[in-house]
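>>> requesting a structural model of the entry that follows:
(2 chains)
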Number of protein chains: 2
Amino acid sequence: MHDVVSPRLGIATVCLSGTLDDKLAAVAEAGFDGVEIFENDLVVSPWSPKQIRDRCAELGLSIDLYQPFRDFEAVPPDVLAANLRRAEHKFDVMEQLGVDTMLVCSSVSADAVDDDDLAAEQLHLLASRAADRGLRIAYEALAWGRFVDTYDHSWRIVRRAAHPALGLCLDSFHVLSRGSDPAGIRVIPGEKLFFLQLADAPRLRMDVLQWSRHHRLFPGQGGFDLVRFVDHVLATGYAGPLSLEVFNDVFRQADPHHTAVDAMRSLLVLRERLAADGSPAVRERVRVPGLPPAPRMSGYTHVEVATSGAAEVAETLRAMGFRRHGDAWAQGRASILLPETDDATARIAAFGVDSADPAVAARRAARLLASTRADGAIEAPDGTAIAFGSSAAVEPGLLTDIDHVSLTAPFDDVDQTALFYRSVLGLEAEPAAEFAAPFGLVRSLSARDPAGRVRIAHSVATLRRGEWAPAVPDPQHIAFTTDDAIEAASVMRATGAPLLDIPANYYDDLDARLAPPHLARLRETSVLYDRDEHGELLHFYTHILGGRVFFEVVQRIGGYAGYGVNNSPVRMAAHRQLRVRAGHSNSASSP
Amino acid sequence: MHDVVSPRLGIATVCLSGTLDDKLAAVAEAGFDGVEIFENDLVVSPWSPKQIRDRCAELGLSIDLYQPFRDFEAVPPDVLAANLRRAEHKFDVMEQLGVDTMLVCSSVSADAVDDDDLAAEQLHLLASRAADRGLRIAYEALAWGRFVDTYDHSWRIVRRAAHPALGLCLDSFHVLSRGSDPAGIRVIPGEKLFFLQLADAPRLRMDVLQWSRHHRLFPGQGGFDLVRFVDHVLATGYAGPLSLEVFNDVFRQADPHHTAVDAMRSLLVLRERLAADGSPAVRERVRVPGLPPAPRMSGYTHVEVATSGAAEVAETLRAMGFRRHGDAWAQGRASILLPETDDATARIAAFGVDSADPAVAARRAARLLASTRADGAIEAPDGTAIAFGSSAAVEPGLLTDIDHVSLTAPFDDVDQTALFYRSVLGLEAEPAAEFAAPFGLVRSLSARDPAGRVRIAHSVATLRRGEWAPAVPDPQHIAFTTDDAIEAASVMRATGAPLLDIPANYYDDLDARLAPPHLARLRETSVLYDRDEHGELLHFYTHILGGRVFFEVVQRIGGYAGYGVNNSPVRMAAHRQLRVRAGHSNSASSP
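Prediction:
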């Protein structure tokens, strides 16, 4: 029986922000086996190729690819001569770097002609020159190549060239963005696949070059079926690395250590999915040792709000019908902890989930590169601590449970944060929403466990906020469930809970748009309303407490699946109005 | 002879960030005559429609349009009934607001059918209902309308409906993004044009809905020919306002007072261009009283670097061959002032241009809403002061003049800043460049006077910078011209100027790419090289002084038109390397 060899994991330096030294350190720290050296990173580096080679060796990184070499093939003789001269210069660099494979992208040059035989002949010549120096050429079809823009076309040329030092580079973005069927990859012999680059991307309707250069994501963060794609590639017998190549405007300016961990996690999750859904020959090769499936969850054990103003929050919870039990404020299955801290602004510091197997859940988290705290809780990229445990008793009341926890992701880390929660907790992504809030666009991402017992939402400004937009961190909130939102709002108002008043204009518009039942009661109690194809949502909010955290109460009727984001701008404007009235803003006048 | 009535100037509240009160205050302050009330702004406002009406009256603003009303026409009877009910609710709001025109967008609804007669019939019915209440309907073809997506199609339906309370709304984005020829507008009677919305946009290849919702710009900031478009509209006799409707992700989060001034300036510049290039009947109507053309400029009189470390900058200038004359350091026609200030980091605080008529130049600036300082200089949105004057004598040396000044624009204001410099100084925009720098994408905008004597560049991070990217403000610089960059670099190195060392890898790559003449000399002297279709550029840089400002020396050969941005990443990485070595960064290790 053969030993099972897991694929090596790599990443292109272009995925990360900083200078080459920053990037290599981050890549090594995240546990990658190798790197693709992106030429621009080398060109601007003060290190010689030999020094880069030594640094990689010191960090335990192989250099798997030198890239990109552009606009080579199918050109007139004088251009060919210049291109060969250019290639020889790059071969010099590669020899010093100690890398044996060069990526050649299909031409976009005005000098190129549409002639596959000429392209094959010239690539054969290039491969011979490379082979003379112990190097090889991986030819890749760019999705926007002038004449060669599909992987099957690049394969026909490579087959025709028939040189042992010439093979293919497949890049999932170039294949899947064009809508090509990756099933055809299976006809390519594995030994002719010299390299595999992986990138996911959101489904966008835009120029493919811009899409590729600005919006790629790591596997599992976008809309491509990378499991099927990689399955086909590995089924050919391809034995090279799984290497990430992601051009992303946000990653380009984000901490490379965060990005590299995110990148590695994306590959672990991809392998897990391949091990579950891939073809039989592939499954065993890609399995991630020590990564158990996510245990089933049945809800939240508690949520912790850290604030120096715990008394104000406690008073609000009391007015909402919570009762104190030791450290916790409880109602229904909901339990809120209010540790007194020095935090000038309140924040949702931690939560616990009720796990069928807390020890296994923690092991999964650690294997997926979650940091573990001294108290055993794991820490998400947004700084929230997550504990795995079991729920306490039920305290009867109008509120029955926690519906969801809504956090805010740092602009630079939102895709990483979303992937973290989904993968570590075993949640399914829900459709993303984007809406125009008073101070800029907001994207809302959410995910839930299959039973809908644990729901987590993240809001992020789609651009980093400006000088003008409110300087306070975006609010976070905890949403509780009820069976009767109007009744709950009435009772809570009577007991003095600081509930948010919603303007009359909202109800006039609601009447025009949706004509909901009980409109007068909604209006009286400042309960908001939404409807989707499954059912209805009634919900209301408190004021913001401790400068950042508020509570929401939701009543889901008939399988309403969303989070009422249509109403978020109303809530934001009403919260803003309270701040203006309280003198926290120098803006706004009254009529 | 008729009195000439200038068109009224308006803006939609959706163009601006904040709540309705913030927006109205900003619009009034910038001098607009009226507003379009965007429904979402009203819905989230605590003010009743009557209070909004009163507030607008108090601010001297008319309410010109209520918008948008969606998905009305060409639907089955039950949907029509619901839509009419919805419309009547909105008519109620309009009566309280005191606005007489409602925008109805062409339908994108799955309920709609492709039937122009039905659309006309139902719009006729809606117009009758509106007319009963003294209101009217402006029908607009969305570029992504389900069946009606061009202005000529919307006009056919309006003509067929033949109701006096039904007219067209034309939006330049919807017309020009589709590539429609606006010449056809001339067949529409002016009295059937109920409203005109103006937006510019960069030429992008993407889904038109996303393009419209996120990337619109004010006139003159994008790639549309708005002069021709508006000329056709005004030639019909259209007498309503020129009203801006711009959806832009950055403006949504930027200070609305800045945005409103930018918006007003864009309309003044549009009118100036129309008065020059429009049809004879239109010219006189749109002329901006008191706005003289920009006087000719013949170069910079001086540039002022404000810093608490003036001695270090002076030492560098001396080593570069400058000589002190009173307050100024001079060489060739270049003159640098170094006022000692408290600024912790240096900055380019001011510059002067040599104007053929300084008084007229200042009057033009003031009429285009530039702030004027106590000393008579005007202030650009990026905080730079600009004086108009005359040049002093010439001081012989290796450096002959100032080639360009390179500033940094605040992320939120870059389009405004670019329009400000172009319009106030009468500069022509040059092609924008975008490149991947070590810490994120950078966009470089530049403009020059027709003679190429005054060139101004602006760099901006295309996303606001992250926590990781260097916290210091992006460097600014002053570029001097020379007739021999290699000689100048040699001499300045010998006299101890702190010139930036460029890595060997750069020259290896340069050899491969461009094989420039004198490569060895370039390499020895750390002079960089670029080539375009007009000629060549040789240039070199100093270290960063005072934490922010550096100098560049450029030699333009044979009409090279650009700024060497291809080499900017090399410069940025080399500057970064110096910071790391100096211990200003905790990142980076050495091999």
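
>>> in which helix or strand does the one residue sitting closest to the centre of chain A reside?
Among the residues of chain A, the one closest to the centroid is A:Asp415, at 2.5 Å (C-alpha atoms, centre = their mean). Using DSSP states H and E, the element containing A:Asp415 is helix A:414-425.

>>> what's the answer for A:Pro569, then?
helix A:568-581.

>>> pLDDT averaged over that helix - what is it?
Helix A:568-581 shows a mean pLDDT of 92.

>>> number of residues surrounding A:Leu126?
27 (other C-beta atoms under 10 Å in any protein chain shown). For the C-beta atoms, the positions are set from N, CA and C on the backbone; glycine is no exception.

>>> ok, it - contacts?
Applying C-beta atoms under 8 Å, 6 or more residues apart in numbering or on different chains to A:Leu126 gives the contacts A:Phe72, A:Glu73, A:Leu84, A:Ala87, A:Val104, A:Ile137, A:Leu166.

>>> part of a strand, is it?
No - counting by DSSP: H, G, I helix; E, B strand; the rest coil, one finds A:Leu126 to be helix, located in no strand.

>>> and it, what pLDDT?
pLDDT recorded at A:Leu126 is 98.

>>> which one is A:Val313 nearest to, not counting chain neighbours?
Distances taken as C-beta to C-beta, 6 or more residues apart in numbering or on different chains put A:Leu545 closest to A:Val313, at 5.1 Å, once the chain neighbours are dropped.

>>> roughly how far does the one you found sit from A:Ala574?
Distance of A:Leu545 to A:Ala574, given as C-beta to C-beta, to the nearest Å: 15 Å.

>>> quick one, which of the two is more surrounded?
A:Leu545 (24 against 21).

>>> that one and A:Gly383, how far apart?
Going from A:Leu545 to A:Gly383 by C-beta to C-beta gives 19 Å.

>>> quick one on the thing from earlier: correct me if wrong: the residue nearest to the centre of chain A contacts A:Phe218.
Yes - A:Asp415 lies in contact with A:Phe218 (C-beta atoms under 8 Å); the separation is 7.4 Å.

>>> all strands of the stretch 451-591 of chain A, in order?
A:455-461, A:476-482, A:528-531, A:536-541, A:549-557 (DSSP state E, counting those that start in this stretch).

>>> same list (these) but as JSON lines, adding distance to A:Asp262, mean pLDDT and mean neighbour count.
Below are the strands of the stretch 451-591 of chain A laid out as JSON lines (distance: least, C-beta to C-beta, whole Å; pLDDT from 0 to 100; neighbours: other C-beta atoms under 10 Å in any protein chain shown):
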{"stretch": "strand A:455-461", "distance to A:Asp262": "14", "mean pLDDT": "93", "mean neighbour count": "23"}
{"stretch": "strand A:476-482", "distance to A:Asp262": "22", "mean pLDDT": "98", "mean neighbour count": "23"}
{"stretch": "strand A:528-531", "distance to A:Asp262": "33", "mean pLDDT": "98", "mean neighbour count": "20"}
{"stretch": "strand A:536-541", "distance to A:Asp262": "32", "mean pLDDT": "98", "mean neighbour count": "24"}
{"stretch": "strand A:549-557", "distance to A:Asp262": "27", "mean pLDDT": "98", "mean neighbour count": "22"}
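
>>> check contacts around A:Asp449.
Per C-beta under 8 Å, 6+ apart, neighbours of A:Asp449: A:Arg296, A:Met297, A:Leu425, A:Gly426, A:Leu427, A:Glu428, A:Arg455.

>>> low pLDDT regions in chain A?
Along chain A, segments meeting pLDDT under 70 span A:1-4, A:471-473, A:584-591.

>>> repeat that with 50
Within chain A, the segments meeting pLDDT under 50 span A:1-2, A:586-591.

>>> so where do the helices sit in the stretch 151-300 of chain A?
Applying DSSP state H, counting those that start in this stretch to the stretch 151-300 of chain A gives helices spanning A:151-161, A:172-176, A:208-214, A:226-235, A:256-277, A:280-286.

>>> who does the first one touch, helix- and strand-wise?
Read that as helix A:151-161. helix A:116-132, strand A:136-140, strand A:166-171 (3 or more C-beta pairs under 8 Å, 6 or more residues apart in numbering or on different chains; DSSP states H and E).

>>> make a markdown table out of these and add distance to A:Asp21.
Formatted as a markdown table, the helices and strands packed on helix A:151-161 follow (distance: least, C-beta to C-beta, whole Å):
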| stretch | distance to A:Asp21 |
| --- | --- |
| helix A:116-132 | 29 |
| strand A:136-140 | 26 |
| strand A:166-171 | 26 |
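
>>> taking the stretch 251-400 of chain A, what residue is nearest to chain B?
Of all residues in the stretch 251-400 of chain A, A:Gln253 sits closest to chain B, at 3.3 Å by C-beta to the nearest C-beta.

>>> picking that back up, who touches the helix holding A:Asp415?
Against helix A:414-425 from outside (C-beta under 8 Å, 6+ apart): A:217-218, A:220-221, A:250, A:258-259, A:261-262, A:265-266, A:268-269, A:294, A:297, A:353, A:361, A:364-365, A:368, A:370, A:378, A:380-382, A:386, A:409-410, A:427-429, A:443, A:445, A:447, A:449, A:454, A:456, A:458, A:460.

>>> how about the residues of the stretch 1-150 of chain A near chain B?
Selection of the stretch 1-150 of chain A residues close to chain B by C-beta under 8 Å from any C-beta of the partner chain yields A:14, A:17-19, A:21-22, A:25, A:39-40, A:42-49, A:51-52, A:54-55, A:58, A:85-86, A:89-90, A:92-93.

>>> among those residues, which ones are in helices?
A:21-22, A:25, A:39-40, A:42-43, A:49, A:51-52, A:54-55, A:58, A:85-86, A:89-90, A:92-93 (DSSP state H).

>>> tell me the helices and strands packed up against the strand or helix carrying A:Gln331.
Secondary structure assignment for A:Gln331, by DSSP H and E: strand A:328-331. Using 3+ C-beta pairs under 8 Å, 6+ apart, the elements in contact with strand A:328-331 are helix A:310-319, strand A:323-325, strand A:334-337.

>>> quick one: strands adjacent to the last one?
Yep, that's strand A:334-337 we're talking about. According to DSSP bridges, strand A:334-337 has the following sheet partners: strand A:297-306 (parallel), strand A:328-331 (antiparallel).

>>> then the first one to PDB, C-alphas only?
Extracted as PDB, the C-alpha positions of strand A:297-306 are listed here (Å, rounded to 0.1, in the frame of the first residue of the first chain):
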ATOM      1  CA  MET A 297     -25.300  23.100  18.600                       C
ATOM      2  CA  SER A 298     -28.600  23.800  20.300                       C
ATOM      3  CA  GLY A 299     -28.300  27.500  21.000                       C
ATOM      4  CA  TYR A 300     -26.400  30.000  23.000                       C
ATOM      5  CA  THR A 301     -25.400  29.400  26.600                       C
ATOM      6  CA  HIS A 302     -24.800  33.100  27.300                       C
ATOM      7  CA  VAL A 303     -23.600  36.400  25.800                       C
ATOM      8  CA  GLU A 304     -21.200  38.600  27.700                       C
ATOM      9  CA  VAL A 305     -21.400  42.400  27.400                       C
ATOM     10  CA  ALA A 306     -18.200  44.000  28.800                       C
END
